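Undergrad: Just a sequence and a predicted model for now, questions to come.
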Amino acid sequence: VFTDPILPCGQILAEHLSVPSVVFLQQIPCGLEFEATQCPNPPSYVPRIFTDLTDRMNFFQRVKNLIFDFSNFFLCDFVFQPYAKLASEFLQRDMTVTDLLRQASIWLMKLDFVLHYPRPLMPNMIMVSGVNCAHRK
C-alpha cells in the first residue's frame, strides 16, 4: 500500500490486509516519523519546525525548543486520537498511530539537506527530494 501518513487510513488498511506499506511524506509536524522509525531526533540539537531556531542554539533556545517539542506531543496526541481509536476498533487490538507507522516497510522522505538540517536516518528511510519538481528547459 502506497500511503501518506498524515491520515493513517492507508496504514490501517495495510495492517488489516497484512501487506507491506510504503510511506511518502514531507514531514509530520509532530515528528512522529522519527518516533515510529526509532530515529534519533534530540530536541537539544535538532531545531523543531516553526521555531525559527538554527542548529547553533544557546541554553535558553534549547529549552524553548524542548518546550515546543512537549507541546507538539500533546497536540498530536489530541489530533491523532480518533485514528488510534479507529485502528483499535477495526483491527480489534490496542493500537496507537505510532504502532501503525512502525509497520511501514519503506519511508520515502521528501527532505533535502540543503533546505533542512542534517539528521540521522534509518536504512529504510530514502531521500527522494525533487520528485515533485517540474522539468524546465
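TA: In hand now; what should we look at?

Undergrad: for the spatially most central residue of the chain, what are its contacts?
TA: The centre of the chain sits closest to residue 33, judged by CA atoms, centre = their mean, with a distance of 2.4 Å. Applying CB atoms under 8 Å, 6 or more residues apart in numbering to residue 33 gives the contacts 5, 23, 25, 27, 39, 101, 107, 109. To be clear about C-beta, it is placed using only N, CA and C from the backbone, and glycine gets the same treatment.

Undergrad: And it, how close does it get to residue 121?
TA: Per CB to CB, to the nearest Å, residue 33 is found 10 Å from residue 121.

Undergrad: Need the overlap of contacts for those two.
TA: 39, 109.

Undergrad: Generate JSON lines for the contacts of residue 33, with pLDDT, distance to residue 82 and secondary structure as supplementary columns.
TA: What follows is the contacts of residue 33, written out as JSON lines (pLDDT from 0 to 100; distance: CB to CB, whole Å; DSSP: H, G, I helix; E, B strand; the rest coil):
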{"residue": "5", "pLDDT": "84", "distance to residue 82": "15", "secondary structure": "coil"}
{"residue": "23", "pLDDT": "91", "distance to residue 82": "20", "secondary structure": "strand"}
{"residue": "25", "pLDDT": "85", "distance to residue 82": "20", "secondary structure": "strand"}
{"residue": "27", "pLDDT": "75", "distance to residue 82": "21", "secondary structure": "coil"}
{"residue": "39", "pLDDT": "85", "distance to residue 82": "26", "secondary structure": "coil"}
{"residue": "101", "pLDDT": "90", "distance to residue 82": "16", "secondary structure": "helix"}
{"residue": "107", "pLDDT": "90", "distance to residue 82": "23", "secondary structure": "strand"}
{"residue": "109", "pLDDT": "87", "distance to residue 82": "26", "secondary structure": "strand"}
